[in-house]
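Trainee: A predicted structure for the sequence below; I have some questions about it.
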Amino acid sequence: MLENLDLELREGEILALIGPNGSGKTTLFRTLAGDLAPLAGSALLESSRGLREAGSLSGRERAQLVARVLQSERPSWAASVLDYVEAGTFARTGWFGLPGPKERESVRLALEAADLGALATRPVTELSGGEFRRVLIARAIAQEPRLLLLDEPAADLDLGRQMDVLGLLRSLAAAGKAIALSVHDLNLAALIADRVALLAKGRLAALGPPREVITATTIAAVYGASVLVSDHPFGDLPQIVHTPPWLRDGSTH
Amino acid sequence: MSPVAQARPGGALRTGIGAGVAVLLFVAALFGSLCLGAAPIAPGTVLRALGSRFFRGVLADPMAVTIVWELRLARTLVAGVSGAALGCAGAVLQGLFRNPLADPYALGVSSGASLGAVVALALRITAPLVATGAVQVSAFVGALAAAAIVWAVAGIGLSRASTASLLLAGAAVGSFLGALVSLVVTFDQGDLQRVFFWLLGGFGGKSWPDLVAVLPGAAISIAVGMALARPLDILGAGEEAAASLGLEVRRTRALAVSAAALGAAAAVSVGGIIGFVGLLGPHFARLLVGSGHRRLIPAAAASGAALLMAADAAARSIAVPLELPVGIVTALVGAPLFLYLLVRRGPSGVER
């Protein structure tokens, strides 16, 4: 359940959704994507025909505005990377339409943006976790949406692959996409986001630049965890350091 | 050349060869089925017998003409069309359920058809043509009714019919109807022989009217299955991801289930319960043309047809003068073949 949530996302902006498990991050994504209808209030998307209720659009209309990257997606058959990314054009071509020159070009650009050109013919079932995540992002790019919603895009990836994915998201935002991502790792949230929305029990507990939202006080209040917040050496960004009881008490080590 | 531009030709060549093999197998099974039987006929004689109806100049053995045209051709085509419907239905359901173990009977279609058939047999209609027709119609109605019950139960039990709930409801409804079949047979043992043959499946004595009976349902089912190719590809990403790509998942599911139920019902009502064709056809097709549904669905139909025509030819040639129920042949050959594919390719159906 989400309550009293007032959020607006602009083009070129990256918003990180943070909050404990069950705080409503996924529910918010589903509502924005039109999968769930809000019980009260509205989730509005700006389409070529003005502001529209997410749930009032057809599946294909919505998919032309909003793309999602799910954390749980696994391929069920050995499609090539190219075919998998091409599925992003479905919203434009429909049931019987074959991708035309325009769609093929957007697939090519998406593969290029995600640095997948060399993997185009590989079966998706043979990719590493980081490669497959980039395939999903490339498919979302090929959808040519205005808004990208990503569930934990950096989870289960090693440090290097995490930075690849975050860098890719940064360049998409620079190209004018609005991006919202859920993320558990608060340091990653601080690194990538222009604004951070902290959800707690379905409510918006804090919203603003990382510096203002990620503070020792809010973390202690919302997560019940004790941390120190310091500065990132390269910028005005908060970086958290865990200070769990067993270190504070000096009882071990 | 960029890698993207190169991506197609290699794969296209392979799938092109695979499609060619599928067509060859289909033609070979069709022709082989015309040659084989209680009285084998030489291929040349079969060709002349076939040609004699089209070209006045072709001279053929009148006996061969009668056997080929009046007996074997119709029967072979009934088996082929039924196999195509089962293969296509299997491919559609495997795509929908994202599960290579799904088969056309997963929706309770076979138990529904069995119940329809045994009830019709228990009524003991004696007029020859009406009797066959009644069993077929009753089986067809039973099959579709079972699928409709499965759909309704899955839809009511959960807020929206999910794919997993469909499979579970299919298993439960199938068992229940299977018990009813046993119950009917227990109380009415008069026609056990016919019940037995119906339940094991077979094309003995099938002729042109049976082809007319099976063709419309099979054709509609295959046509809808082919139209579902791209949606099924999209669905391969999972239901939530497919919805985010713009696919109307519920509409796709309703169409896929209807098409598969119709095709399986048409096949089962004419040929009885024939196992493994709907499971094996799509797996075979996947080996030939890969997993993309645009090629997989027609290839699964062709493979299913070839498998069932070959199985029927074997059923009437192995134990002459006895004719084996074709369901025994498909299970005896199909089960080990399926296990082999399983071991080779892994349970996910994804090539290792």
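Mentor: That came through, no problem.

Trainee: all helices in the stretch 51-200 of chain B, in order from the N-terminus.
Mentor: Ranges of helices in the stretch 51-200 of chain B, per DSSP state H, counting those that start in this stretch, are B:62-65, B:73-97, B:109-122, B:128-157, B:163-187, B:192-200.

Trainee: Ok, which of those helices comes nearest A:Leu228?
Mentor: Distance to A:Leu228, taken as C-beta to C-beta, is lowest for helix B:163-187 among the helices of the stretch 51-200 of chain B, at 45.9 Å. Where C-beta positions appear, they are placed from N, C-alpha and C, glycine not excepted.

Trainee: quick one: low-confidence ranges for the chain?
Mentor: In the absence of a named chain, chain A is used. Flagging of chain A using pLDDT under 70 yields the residue ranges A:1-4, A:39-40, A:48, A:250-253.

Trainee: oops, chain B please
Mentor: Flagging of chain B using pLDDT under 70 yields the residue ranges B:1-11, B:126-129, B:131, B:156-162, B:345-352.

Trainee: Angles on the backbone of the residue of it found nearest chain A, please.
Mentor: For chain B, the residue closest to chain A is B:Gly246, as judged by C-beta to the nearest C-beta, at 3.1 Å. Here is the backbone geometry of B:Gly246 (degrees, to the nearest 10): phi 100, psi 10.

Trainee: quick one, which of the helices of the stretch 51-200 of chain B is packed in tightest?
Mentor: Mean neighbours per residue, mean count of other C-beta atoms under 10 Å in any protein chain shown, is largest over these for helix B:73-97, with a mean of 30.

Trainee: Tell me the helices and strands packed up against it.
Mentor: Judged by 3 or more C-beta pairs under 8 Å, 6 or more residues apart in numbering or on different chains; DSSP states H and E, helix B:73-97 is in contact with helix B:3-35, helix B:163-187, helix B:208-227, helix B:229-235, helix B:249-271, helix B:277-289, helix B:293-317.

Trainee: Throw those helices into TSV and include distance to chain A, thanks.
Mentor: Shown next, in TSV, are the helices and strands packed on helix B:73-97 (distance: least, C-beta to the nearest C-beta, whole Å):
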stretch	distance to chain A
helix B:3-35	5
helix B:163-187	12
helix B:208-227	7
helix B:229-235	5
helix B:249-271	8
helix B:277-289	8
helix B:293-317	9
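
Trainee: Relative to A:Arg248, which of those is closest?
Mentor: The nearest among those, by C-beta to C-beta, is helix B:163-187 at 47.0 Å.

Trainee: and for that closest one, what are the contacting residues?
Mentor: B:96-99, B:102, B:105-108, B:110-112, B:114-115, B:118-119, B:122, B:142, B:146, B:149-151, B:153-154, B:157-158, B:192, B:195, B:199, B:239, B:253, B:257 (C-beta atoms under 8 Å, 6 or more residues apart in numbering or on different chains).

Trainee: One more pass at 7 Å, please.
Mentor: Outside helix B:163-187, the residues within contact range by C-beta atoms under 7 Å, 6 or more residues apart in numbering or on different chains are B:96-97, B:106-108, B:111-112, B:114-115, B:118-119, B:122, B:146, B:149-150, B:153-154, B:157-158, B:195, B:239, B:253.

Trainee: same deal with stretch B:310-322?
Mentor: With C-beta under 7 Å, 6+ apart as the contact definition, stretch B:310-322 has outside contacts at B:29, B:32-33, B:36-38, B:79, B:202-203, B:323-326, B:329-330, B:333.

Trainee: Apply 8 Å and report the result again.
Mentor: Residues outside stretch B:310-322 that contact it (C-beta under 8 Å, 6+ apart) are B:29, B:32-33, B:36-38, B:40, B:75-76, B:79, B:202-204, B:274, B:277, B:323-326, B:328-330, B:333.

Trainee: ok so, going back, with distance to A:Leu204 added, can I get the helices of the stretch 51-200 of chain B in JSON lines?
Mentor: Formatted as JSON lines, those follow (distance: least, C-beta to C-beta, whole Å):
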{"stretch": "helix B:62-65", "distance to A:Leu204": "83"}
{"stretch": "helix B:73-97", "distance to A:Leu204": "39"}
{"stretch": "helix B:109-122", "distance to A:Leu204": "50"}
{"stretch": "helix B:128-157", "distance to A:Leu204": "36"}
{"stretch": "helix B:163-187", "distance to A:Leu204": "34"}
{"stretch": "helix B:192-200", "distance to A:Leu204": "63"}
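
Trainee: for these, which one sits closest to A:Ala189?
Mentor: Nearest to A:Ala189, of all those, is helix B:163-187, at 34.0 Å by C-beta to C-beta.

Trainee: Good, wrapping up.
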